[in-house]
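1. Predicted model and sequence below, questions to follow.
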Amino acid sequence: MVSWKLFSIAGIDIKLHWTTLLLLGLFLVLSVNSFLILLLLFISITFHELSHSLVAKGNGVKISQIILLPIGGMAVMKNAVIDPKVEFKMAIAGPLFNFAVCGLILIAAYLSGSSNLIYSMGYWNERLAGDILQDIGPMMVSSLFWLNFLLGAFNLFFPALPLDGGRVLRALLAMVMDYVKATRIATVISMFLTILLFLVSLVSMNLILLLISIFIFFGARSEMEFAVSHRLLRKIPVSNLMRKNFLMVDENTPLDALVADMIASRSLVAFSKEGKNITAVSIYKIGEVPKQRWGRMKFKDLAVVIKPVSPGTQVVTALTRMGKEGFEALPVVDNYHEVVGCLYKRDIDTILELLKVTKLS
Ligand SMILES: [Zn+2]
């Protein structure tokens, strides 16, 4: 996929896909009107995607880049199980940005006493066919208003994955059931709605709607693949994947000694058991502390209480919990509440890759 980096904000690369550049160039040659509108649309889409990405980053979800495709923007993140509360916030951030732009334009128009600055949607649509350079000011403001309104409304209120409305739906479902099941239900609804949208676009001969429905269809299909592959985990109990060499330490262990223990036992996470609670510290957490303070700080200064799983728990349930709690490993305890193993997220990822190839192909 050839795309060019335009600029970078908060560590996120904004890239222009070659087909988008082609479309912009084509429109510039065909008509200045459509070129200007398309430019405004892509600027709005960029900020919409950026809103998603910044909320994601603020909640510890990694976003590496945003690619501007002719059909819209795409914030690239790993298809992973994430906390439904975080996904909900991430999903509504984009449309909320668009609605905020609409609100600001309305307020500005009201304060400046020029409420006719914004054309009605019908008139705006009509004017698009004419020479918009004649009243370029109001046309640009109206375009910005209606483009953001349409972007926000369609993304939020059409509940199909991978659109924002679909993500909101999945997040709401995932609050009451496991993430994989929620994804499966959301994709079935998405497929149904997309086929409906496709038929409507055929009947109304609307080319843009037709392209959008095809885009949603393939997006929903990739979410469906995710749900299907993760479903394979359902039959696997935690005992099959847990590691038996795990690191238990005293909660008063200084960080420098802890790191040495972790290297010696090749553990990314160390656990401690004080009373009934199991606490954990990961190497990443230690990495956030400056090295010169490792001698003075102890395990318990960084430790968080972590709810264990039992050997009989399904791996998919454990994975959903890891996503919710943002932790890459869980302690496994037996009936006597003794720690008997450690379940690593990377081991689940490995088995998932193996299952995908052997069971799905
Ligand atoms: Zn969005």
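-> Now that the structure is in, tell me what you want to look at.
2. What helix or strand is the residue in the stretch 1-150 of the chain that the ion sits nearest to located in?
-> Nearest residue of the stretch 1-150 of the chain to the ion: Gly94, at 3.3 Å (CB to the ion). To be clear about C-beta, it is placed using only N, CA and C from the backbone, and glycine gets the same treatment. Per DSSP states H and E, Gly94 falls inside helix 84-111.
3. So what's the gap between whichever helix or strand comes after that helix and the chain middle?
-> The helix or strand immediately downstream of helix 84-111 is helix 121-128, counting by DSSP H and E. A distance of 35 Å separates the centroid of the chain from that of helix 121-128, by CA atoms, centre = their mean, to the nearest Å.
4. So Leu197 versus the ion, what's the distance?
-> To the ion, Leu197 is 17 Å away according to CB to the ion, to the nearest Å.
5. which SS class is that residue?
-> The three-state assignment at Leu197 reads helix, by DSSP: H, G, I helix; E, B strand; the rest coil.
6. other SSEs contacting the helix holding Gly94?
-> In terms of contacts (3 or more CB pairs under 8 Å, 6 or more residues apart in numbering; DSSP states H and E), helix 84-111 is packed against helix 32-58, helix 136-157, helix 164-174.
7. Going by neighbour count, list what's buried in it.
-> 84, 86-99, 101-102, 105, 109 (16 or more other CB atoms under 10 Å).
8. How about stretch 320-339?
-> Of all the residues in stretch 320-339, those buried under the rule 16+ other CB under 10 Å are 320-324, 327-333, 339.
9. got a list of contacts for that stretch?
-> With CB atoms under 8 Å, 6 or more residues apart in numbering as the test, stretch 320-339 has contacts from 60, 80-84, 174, 178-180, 238-239, 242, 246, 248, 268-269, 271, 273, 276, 278, 280, 282, 284, 304, 306-311, 318, 340-346.
10. Any of those buried? List them.
-> The neighbour count (16+ other CB under 10 Å) marks 81-84, 174, 178-180, 238-239, 242, 246, 269, 271, 273, 278, 280, 282, 306, 308-309, 311, 318, 340-345 as buried among the contacts of stretch 320-339.
11. re earlier: rebuild the helices and strands packed on helix 84-111 as JSON lines, extending it with mean pLDDT and distance to the ion.
-> Formatted as JSON lines, these follow (pLDDT from 0 to 100; distance: least, CB to the ion, whole Å):
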{"stretch": "helix 32-58", "mean pLDDT": "87", "distance to the ion": "5"}
{"stretch": "helix 136-157", "mean pLDDT": "87", "distance to the ion": "5"}
{"stretch": "helix 164-174", "mean pLDDT": "92", "distance to the ion": "4"}
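12. Adding distance to Tyr119 as columns, could you present those in CSV?
-> Formatted as CSV, the helices and strands packed on helix 84-111 follow (distance: least, CB to CB, whole Å):
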stretch, distance to Tyr119
helix 32-58, 13
helix 136-157, 4
helix 164-174, 27
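13. Of those, which is nearest Leu207?
-> Relative to Leu207, the nearest member of those by CB to CB is helix 32-58, separated by 13.4 Å.
14. what's the pLDDT at the residue of the stretch 251-361 of the chain at minimum distance from the ion?
-> Using CB to the ion, the closest approach of the stretch 251-361 of the chain to the ion is made by Gly323 at 20.3 Å. Gly323 is assigned 75 on the pLDDT scale.
15. give me the element it is part of.
-> Assessed by DSSP H and E, Gly323 sits inside helix 315-325.
16. Let me see the contact set for Gly72.
-> Gly72 makes contact with Ile45, Phe215, according to CB under 8 Å, 6+ apart.
17. Please apply the same query to Ile14.
-> Lys5, Leu6, Phe7, Ser8, Thr46, Leu50, Gln65, Ile66, Leu68.
18. Give me the pLDDT value at the second one.
-> Okay, so that is Leu6. pLDDT, Leu6: 80.
19. From Ile208, how far off is it?
-> Using CB to CB, to the nearest Å, Leu6 is found at 24 Å from Ile208.
20. Of these two, give the one with the bigger neighbour count.
-> Remark: of Leu6 and Ile208, Leu6 carries more neighbours, 12 against 9, as counted by other CB atoms under 10 Å.
21. Output stretch 122-137 as PDB, restricted to C-alpha atoms.
-> The C-alpha trace of stretch 122-137 is given here as PDB (Å, rounded to 0.1, in the frame of the first residue of the first chain):
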ATOM      1  CA  GLY A 122     -30.900  21.800   0.100                       C
ATOM      2  CA  TYR A 123     -29.600  25.100  -1.100                       C
ATOM      3  CA  TRP A 124     -26.000  24.100  -0.300                       C
ATOM      4  CA  ASN A 125     -26.400  21.000  -2.400                       C
ATOM      5  CA  GLU A 126     -27.900  23.000  -5.300                       C
ATOM      6  CA  ARG A 127     -25.100  25.600  -5.100                       C
ATOM      7  CA  LEU A 128     -22.400  22.900  -5.400                       C
ATOM      8  CA  ALA A 129     -23.400  22.500  -9.000                       C
ATOM      9  CA  GLY A 130     -23.000  26.200  -9.700                       C
ATOM     10  CA  ASP A 131     -19.900  28.500  -9.600                       C
ATOM     11  CA  ILE A 132     -19.100  28.400  -5.900                       C
ATOM     12  CA  LEU A 133     -16.200  30.900  -6.400                       C
ATOM     13  CA  GLN A 134     -18.900  33.600  -6.600                       C
ATOM     14  CA  ASP A 135     -19.700  33.300  -2.900                       C
ATOM     15  CA  ILE A 136     -16.700  31.400  -1.800                       C
ATOM     16  CA  GLY A 137     -16.900  32.500   1.900                       C
END
